[in-house]
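Colleague: build the 3D model from these lines:
(one chain, ligands or ions: 1)
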Amino acid sequence: MKLVLNNLVLKPHEKEKFLVKLCEKKLRAPCAYFKILKKSLDARDKSNIKWVYTVECSDREEPAPARNYFRITKPQPKAIVVGAGPAGLFCAVRLLRHGIRPILIERGKRVDERERDVALLRAQSVLNTESNIQFGEGGAGTFSDGKLNTQTNSPLNREVIETFLEFGAPKEIGYLGKPHIGSDNLKNVVAAMREYILQNGGEVRFGAKLTDLESRDGKLSAVKINGVREEADELVLAIGHSARDTFEMLLSRGFLIEQKEFAVGVRIEHLQSSIGRAQYGSGYAALPPADYKLVSHASERAAFTFCMCPGGFVVPSASEEGGVVVNGMSNFARDGRNANSALVVQVKREDFGSGHPLAGVAFQRKLERAAYEAAGKNYRAPVQLVGDFLSNRESYYFGEVKPSYEPGVSFAPMQAIFPPAIVSAMQAALPDMNGKLTGFSAYESVLTGVESRTSSPVRIVRGEDLQTGVAGVYPCGEGCGYSGGITSSAADGLRVAEAIAKKYA
Ligand SMILES: Cc1cc2nc3c(=O)[nH]c(=O)nc-3n(C[C@H](O)[C@H](O)[C@H](O)COP(=O)(O)OP(=O)(O)OC[C@H]3O[C@@H](n4cnc5c(N)ncnc54)[C@H](O)[C@@H]3O)c2cc1C
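Modeller: Take a look at the predicted model:
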């Protein structure tokens, strides 16, 4: 007999083996199969914080469900997947499982070599514009917290989690309500996916940038990789939101590109212990590092926090000379001293100042350059204390919260970087959010700018068959405007792989 049991509750100090005993009581037999389907922390009542589980159990071994793949009957196509981020990697792995051997091209480096370039920027302010936090194996999310929660509700999301598990992600991501892999684990998972592609007949090329493409009679005929022409049948554009030169190339080739709204703002840092106290009360030590997600409608522009990294670091995420971009990451243990999160405000099309399809890119670039100038033109980031930001004053000292951003910070007012409408929306949101999370707008909390690459500023239009007006070209993932975050981007990679495989089945 197989059972699913909901709402099983454990106190933070209680052991999970107690759940097996509960199952055996219900089964009236020893458990031969036991699986946690869901585990989430209920901290709404600080005097009664508890873990809530859904589990599956049986008195028999349960076989894993089998998945059906297409059988490719037509000749093997030359399928090129551009970008080894979550969208491209998951697309390539899924194509292989259907019997199509993809060529995965990535402008950046292998994850281990890329790590050295990221370290060089953090330690010595040396930016490699082709190998950084945005570009390289694993894509933008590699140096991240690896949060896998998504607001999309697709059955593919479960497949993404299972694929991550298959390639070595921690087992907890299979059931935690807010799963995260951690940057330390993510890079191993990414490398394992690459090895799988290579061992199963696919090809992976690094330092390989899509620089052009050709079509004949409305169909893709060839691509140029680093300027060298190759014939191609299928092309997946899993290029991420920072591939500005590739957007320009596609626009010049007549692809339909639309403006897309996004959000900009800053990273806000607090002590992780302050967030723990605010969320859990005094007994927070035994619980996982606390997180939060806040929304404010205190002004006409919505402001919200996202990509909250408990125990994390603010990281340099620029990919262009002369610009400063920040983002956040943490390791699996989330054991850093600070908590950080993006505090961002919606940018509207009227802010872009022109109807050009890439006007959003120009808007981002302007902020990134202003941040670079304001902080001393050496990839240090501008910082300001929340109290000073709220009183329109410059900051001169840090309190308890020391910024974690490397290669370093310079005091500079955010008012000199952002348009007034963004500044006033953040100023309205901070006290409002403080009402929801005590201490959020505490004077000494640190703002670091600029968080400008929250999502893609464009959408590359695709039809219901997921192709552009040029048959055989598939815009995919976050950069093309079809996802946001690791899980939904990976799911879009699966979706595109299914569409291609169906064509050849
Ligand atoms: C520091 C940081 C932390 C983040 N944390 C999280 C998190 O915790 N959870 C979450 O869900 N999301 C997080 N994100 C966002 C997440 O990384 C993205 O949503 C996700 O990576 C998008 O996946 P993608 O495959 O569509 O694009 P990307 O991951 O951006 O991958 C695109 C790839 O394409 C390559 N490329 C671009 N142009 C070309 C070209 N012309 N030729 C060849 N290759 C090209 C790039 O080098 C890049 O590797 C974070 C992002 C950053 C930067």
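Colleague: rest of the way, CA atoms for contacts and neighbours
Modeller: Noted.
Colleague: which parts of the stretch 1-150 of the chain sit against the ligand?
Modeller: Counting by Cα under 6 Å from any ligand atom, the stretch 1-150 of the chain comes close to the ligand at 82-88, 105-108, 133-141, 143-148.
Colleague: is the ligand contacted by stretch 179-190?
Modeller: No - using Cα under 6 Å from any ligand atom, no contact is recorded between stretch 179-190 and the ligand, whose separation bottoms out at 7.1 Å.
Colleague: mind giving me the PyMOL command for buried ones among the residues of the stretch 1-150 of the chain next to the ligand?
Modeller: Entered in PyMOL, the line below selects the buried ones among these, by 16 or more other Cα atoms under 10 Å:
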select buried, resi 82+83+84+85+86+87+88+105+106+107+108+133+134+135+136+137+138+139+140+141+143+144+145+146+147+148
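Colleague: ends of stretch 387-406, how far apart?
Modeller: 23 Å (Cα to Cα, to the nearest Å).
Colleague: list of residues touching that stretch?
Modeller: With contact meaning Cα atoms under 8 Å, 6 or more residues apart in numbering, stretch 387-406 is reached by 122-123, 269-271, 313-316, 338, 380-381, 384-385, 409, 411-415, 427, 441-446, 448.
Colleague: in strands only, show me those residues.
Modeller: Applying DSSP state E to those, the entries found in strands are 269-271, 313-316, 338, 381, 384-385, 409, 411, 446, 448.
Colleague: between those residues, which is closest to the ligand?
Modeller: residue 315 (6.4 Å; Cα to the nearest ligand atom).
Colleague: tell me how far the closest one lies from residue 142.
Modeller: From residue 315 to residue 142 the distance is 12 Å (Cα to Cα).
Colleague: these two: which has the busier surroundings?
Modeller: Taking other Cα atoms under 10 Å, residue 315 and residue 142 do not tie; residue 142 has more neighbours (29 against 24).
Colleague: can you give me the helices in this structure?
Modeller: 17-27, 86-97, 111-124, 156-166, 183-199, 244-252, 272-280, 349-352, 359-374, 386-390, 420-434, 486-504 (DSSP state H).
Colleague: for the first one, the distance to its chain's centre please.
Modeller: On the basis of Cα atoms, centre = their mean, to the nearest Å, helix 17-27 sits 37 Å off its chain's mean C-alpha point.
Colleague: just the buried residues of stretch 163-178, please?
Modeller: Buried-residue list, stretch 163-178, by 16+ other Cα under 10 Å: 163-165, 167-170, 172-178.
Colleague: list of residues touching that stretch?
Modeller: 36-41, 147-149, 161-162, 179-181, 185-186, 188-190, 192-193.
Colleague: just the mean pLDDT for that stretch, thanks.
Modeller: The pLDDT scores in stretch 163-178 average 94.
Colleague: next up, the contacts around the closest residue to residue 53 other than its chain neighbours.
Modeller: Counting by Cα to Cα, 6 or more residues apart in numbering, residue 53 lies nearest to residue 39, which is 4.6 Å off, once chain neighbours are set aside. The contact partners of residue 39, by Cα under 8 Å, 6+ apart, come to 51-54, 175-177.
Colleague: repeat for residue 313
Modeller: Contacts of residue 313 (Cα under 8 Å, 6+ apart): 328-330, 336, 338-340, 404-405.
Colleague: near the ligand, list only the ones from these.
Modeller: Within the contacts of residue 313, those near the ligand by Cα under 6 Å from any ligand atom are 328-329.
Colleague: now, which of the ones in strands among the contacts of stretch 387-406 sits nearest residue 46?
Modeller: residue 271 (19.7 Å; Cα to Cα).
Colleague: so residue 483 touches residue 492, yeah?
Modeller: Yes - Residue 483 lies in contact with residue 492 (Cα atoms under 8 Å); the separation is 7.0 Å.
Colleague: please enumerate the shared neighbours of those two.
Modeller: residue 477.
Colleague: which of those two has more neighbours?
Modeller: Each of residue 483 and residue 492 has its neighbours counted (other Cα under 10 Å); residue 492 has more, 29 against 23.
Colleague: find the residue closest to the more buried one in space, skipping its chain neighbours.
Modeller: Residue 492 sits nearest to residue 477 (Cα to Cα, 6+ apart), 5.6 Å away.
Colleague: give me every residue that touches the one you found.
Modeller: 87-88, 238-240, 483-484, 488-490, 492-493.
Colleague: quick one, domains of this structure?
Modeller: As assigned by automatic domain parsing, the chain contains the domains 2-58, 79-258+458-504, 261-451.
Colleague: now the ones you listed in TSV, with distance to residue 68?
Modeller: Output for those, formatted as TSV (distance: least, Cα to Cα, whole Å):
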stretch	distance to residue 68
domain 2-58	23
domain 79-258+458-504	9
domain 261-451	33
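Colleague: next, count neighbours for residue 74.
Modeller: 9.
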